[in-house]
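A.B. asks: everything below, folded, please.
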Amino acid sequence: MTTHPAPAHAGQPPASSTAQLSDPQNPVAPTSTTAADTGATTAEPAPTAEPAPTAGPAAEPGTATTTSARPGGQLAIQARDLVKTYRGGIRALDGLSFGVAPGTVFGLLGPNGAGKSTTVKILTTLSRPDSGSATVAGVDVLTHPSQVRRAIGVVTQRSGVDLEATGRENIALAAHLHGLSRAELNDRVTELLDRFELVKAADRLARTYSGGMLRKLDVAVGLVHRPSVLFLDEPTTGLDPQARAQMWDEIGSLATDGLTILLTTHYLEEADRLASQVAIIDGGRILVEGSPDELKSDLRGDAVHLELATVPDAAVVAELTVALGQVAGVTATTVDGREVHTRVTHGASSLPAVFAAFERVNVAVVTATIARPSLDDVYLRHVGRRFVAGAESSDQHLGTSKEVA
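C.D. replies: Below is the predicted model of the structure:
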């Protein structure tokens, strides 16, 4: 587990900031990034003068370029001291650094405005940092962005498929834009429709699909050119529990196949289930990172969560904190509105003494629960507040033209 000092929280950048989509010296190459504003998949031909990102035989004309896992233990994604400041002096990234090993699922967790979207935009070549560096699939994102685009797939939170085209047509269009030959295109479309259980709906218009089916189609489009790194931005937001569980199974299967996945999510259960490594980001910096089990095991004892009848004022909070600190076995206390969260060595045996502490300061408790440590408790410890699941504001999605934190 790696911990980092907590920075001041970075706020939201102005809505008028515009994403830098490409470098004039490095035209946009094929990628699975979709234009959510238009609902169509877009790409431009890759420059032929730029070498392929990995060694190997040259691709046949009309075939897609693919990138395999990096040899020799090289990281599939590496960010070093990334800094990004928006107009008005808003620091979205403040020296952010992390690495992702090939063939793993890396979960990036954080509240709105923490810097998740800015990080992903830089790694997918949709934005440039003020300073710092980053590599994806072993390629520098600043000096060779077109190579990076050929090696990655991007699935944004907002569906970018053409709703007036069929599922088969959406995948076929993406395959054509990525340069697959006709024979390879047909095989790949059939393969992806079968993998994501869309065969029966393949020739229906996408606008007739359920939310879960649209997400499957989005991921299929993102995988059409067999990328080595896949970026998933809030892949299950808005899905019902059954569709979410099905998507989790699909993502887990992709990871088993050796694909490197960077996942941003609002669901801690999702990160706990899918990610082999997670990092909590706040204020543009990584506060802590490690495997879910490592992070949870670092929180010894039990978590006791209590709900109060009313929100206590500052004086009562101070008095309550002192009272709980005097209870044997209590190691930490956080008060967040009507919620009080304590860490105790033995939850069940300590609960009577915890209730007594509340009675001494005349604070009424409505409910109390005891649980083993979770990622929610890890987040609470390092960020100082509970993780609240919710949709990002509309201009934070990768599919929009506005660049925000």
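
A.B. asks: doesn't Leu223 make contact with His178?
C.D. replies: No: counting by CB atoms under 8 Å, His178 sits too far from Leu223 to count as a contact (10.6 Å). C-betas here are computed from N, CA, C, even on glycine.

A.B. asks: neighbour count: the two, which is higher?
C.D. replies: Per other CB atoms under 10 Å, whichever of His178 and Leu223 has more neighbours is His178, with 25 against 22.

A.B. asks: now for the closest residue to the more buried one other than its chain neighbours, how many residues are close by?
C.D. replies: Nearest residue to His178 in three dimensions, chain neighbours excluded: His225, at 4.0 Å (CB to CB, 6 or more residues apart in numbering). For His225, the count of nearby residues is 26 (other CB under 10 Å).

A.B. asks: can you tell me the element His225 falls in?
C.D. replies: Per DSSP states H and E, His225 falls between elements, in no helix or strand.

A.B. asks: do you know how far it is from Ser276?
C.D. replies: Going from His225 to Ser276 by CB to CB, to the nearest Å gives 25 Å.

A.B. asks: look up the residues forming beta bridges with the residue most central in space within the chain.
C.D. replies: Geometric centre of the chain, nearest residue: Thr264, 0.9 Å, by CA atoms, centre = their mean. Beta bridges link Thr264 to Leu108, Asp233, judged by DSSP bridges.

A.B. asks: so for it, what's the pLDDT?
C.D. replies: The model reports Thr264 with a pLDDT of 91.

A.B. asks: do I have it right that it meets Thr237?
C.D. replies: No: counting by CB under 8 Å, Thr264 stays clear of Thr237, with 10.0 Å between them.

A.B. asks: list the contacts for the residue located most distally from the centre of the chain?
C.D. replies: Distance from the C-alpha centroid of the chain, by CA atoms, centre = their mean, peaks at Arg360 (43.7 Å). By CB atoms under 8 Å, 6 or more residues apart in numbering, the residues touching Arg360 are Ala323.

A.B. asks: quick one: it and Ala348, what's the gap?
C.D. replies: Distance, Arg360 to Ala348, using CB to CB: 21 Å.

A.B. asks: equivalent analysis for Phe358, please.
C.D. replies: Distance, Phe358 to Ala348, by CB to CB: 17 Å.

A.B. asks: now swap in Glu270 and tell me
C.D. replies: 29 Å.

A.B. asks: more neighbours: the two, which one.
C.D. replies: Shown here are Glu270 and Ala348; by other CB under 10 Å, Glu270 has more neighbours (23 against 10).

A.B. asks: roughly how far out does whichever strand or helix holds the more buried one sit from the chain middle?
C.D. replies: Per DSSP H and E: Glu270 is located in helix 268-274. Distance, stretch centre to chain centre, for helix 268-274: 11 Å (CA atoms, centre = their mean, to the nearest Å).

A.B. asks: fine by me, we can end here.
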